[in-house]
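> Here is the input, now give the coordinates:
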Amino acid sequence: MPTDSFAPFKNARNRKVLAALEGNWQAEMEGYYTYLALADRETDAVRAQVLRHLASAELEHAALWAARIVELGGAEPVYSGSPNGDADTFASRAGGPLMALRRLEIEENRHIANYGTQLKELGDDGSIAILEHVIEDEKDHYRELGSLLRGRSHLQHGGKHVVDAKGMLEELLAKRNQGRSQAGGWIGDAIYGVNDGLGAIFGIVSGVSGATAAQSSQTQAHYVLLAGLAGMIASALSMGSGAYLAAKSEREIYQAEVEREREAINMNPSEARQLLSLYYQVKGLPEDDSEHVVDHLAADPELLLKALTAERLSTSEDGLRVPWVSATSGALSTALGATIPVIPFFFMSGISAVVTAAVISLIAHFAVGAAKSLITVRSWWASGFEMTAVGAVEGAVTYAIGLWLGRLGA
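Sure thing, here's the model as predicted:
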């Protein structure tokens, strides 16, 4: 009885296709549960409805992949992820709803790229037909998420988009995406403060440890504690006062510019209206439309002032930092980071304290670097190892300098 000499090859290719489709199914189901969980937590009715629409689309895609898997002789796939998808991850919860949407937007883009690769590599006509359909849907999802993030939420009614005019007007007048602190902005400030305190005091601890290496272990621990605690207090106060003065100066400069703009509008209102109209035209708005918008804004002098100031200064009052908040977050986060390298010297002394301080400081560097991925959406391990490498070099250099200085003073 003749045998098919290509059977092993076909079986291997079939297994490869099934593995890819299984991965697609798992990803779509994870997306479905993520969108559904975020929709349930969403307080904005428009965003919640859009998220549920996206969830149903992901479920439809999963059904297509499941059907194709069965057609190719595979087993019915079983979901192995979290019941809430990625919605319960630390990154999604800590960054707030808009940060979660930003991560989903990036994830949709990755899905598009992955499906594009599969178009070239799968070699299965039935799967390719599904891929072409799903890719178009994923592109729509990417655009929809972008609209949610930029304040232009949509609802579907009879196949037509209904625009959230309030969201668009706020974006037009105040450029809120550039001028206002985004959800999760406090995380960035906290990470910066922790990193600054950790790096500065780790350097002090390493340097003083090297400089006092010839001293007794108790004496060394005493000097390291004194230097570390003094450095922590100084760094925290410096960071807090610097953040306060910077935020206060920012507000004072903004208010001075607003008063100048108010005076200019009062002296020549027609020129102010023309200037605002030109700003909108440069953005691509037709002349008639831009003048029509300016006419509406000019009916309220304060609204006209706000719109023109937003264009001139590329920010709004809502986008300015609050001095006491900046001071408090800067001081506390710096103090937190600065405390870490000093902790072992409260309980230990000698080389064991130095080694322990180095280890926990490098672990903290990695944690801070990994936490940066909440803001940058960069790979957490790459960001963590980068910070660890920088901390290791810093510690080694300052310890060597401390040893040299200690020998000079001997």
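> Strands of the chain, residue ranges please.
154-157, 160-163 (DSSP state E).
> in the protein, what secondary structure element scores lowest on mean pLDDT?
helix 176-179 (a mean of 40; mean pLDDT, DSSP states H and E).
> which stretches of the protein aren't confidently modelled?
Applying pLDDT under 70 to the chain flags residues 1-10, 90-96, 149-190, 314-319, 373-378, 409-410.
> Go through this structure and flag its longest helix.
helix 217-267 (DSSP state H).
> dump the residue contacts of the nearest residue to Asp295 once chain neighbours are set aside.
Spatial nearest neighbour of Asp295, excluding adjacent residues (C-beta to C-beta, 6 or more residues apart in numbering): Arg273 at 8.0 Å. From N, CA and C alone the C-beta is placed, and that goes for glycine too. Residues in contact with Arg273 (C-beta atoms under 8 Å, 6 or more residues apart in numbering) are 294-295, 298, 304.
> Give me the distance between the residue nearest to Thr339 when sequence neighbours are not counted and Pro323.
Nearest residue to Thr339, sequence neighbours excluded (C-beta to C-beta, 6+ apart): Met232, at 6.1 Å. Look at Met232 and Pro323: by C-beta to C-beta, to the nearest Å, they are 23 Å apart.
> same thing with Thr388?
Counting by C-beta to C-beta, the gap from Thr388 to Pro323 is 34 Å.
> which of the two has more neighbours?
Thr388 (20 against 17; other C-beta atoms under 10 Å).
> Identify the residues contacting the more buried one.
362, 365-366, 369.
> if we go to 10 Å?
Residues near Thr388 by C-beta atoms under 10 Å, 6 or more residues apart in numbering: 361-370.
> Repeat that for Leu278.
If you count contacts by C-beta under 10 Å, 6+ apart, then Leu278 has 287, 290, 294, 311 around it.
> quick one: it and Leu308, what's the gap?
Leu278 is 11 Å from Leu308, by C-beta to C-beta.
> again with Glu144
Distance check for Glu144 against Leu308: by C-beta to C-beta, it reads 32 Å.
> How about Val17?
From Val17 to Leu308 the distance is 59 Å (C-beta to C-beta).
> higher neighbour count, those two?
Between Val17 and Leu308, counted using other C-beta under 10 Å, Leu308 has the larger neighbour count: 24 against 21.
> Distance check, that one against Tyr254.
14 Å.
> do Ser238 as well
Ser238 is 24 Å from Tyr254, by C-beta to C-beta.
> Please apply the same query to Arg262.
Taking C-beta to C-beta, one finds Arg262 at 13 Å from Tyr254.
> Common neighbours of these two, please.
In contact with both Arg262 and Tyr254: Thr309, using C-beta under 10 Å, 6+ apart.
> All set, thanks.
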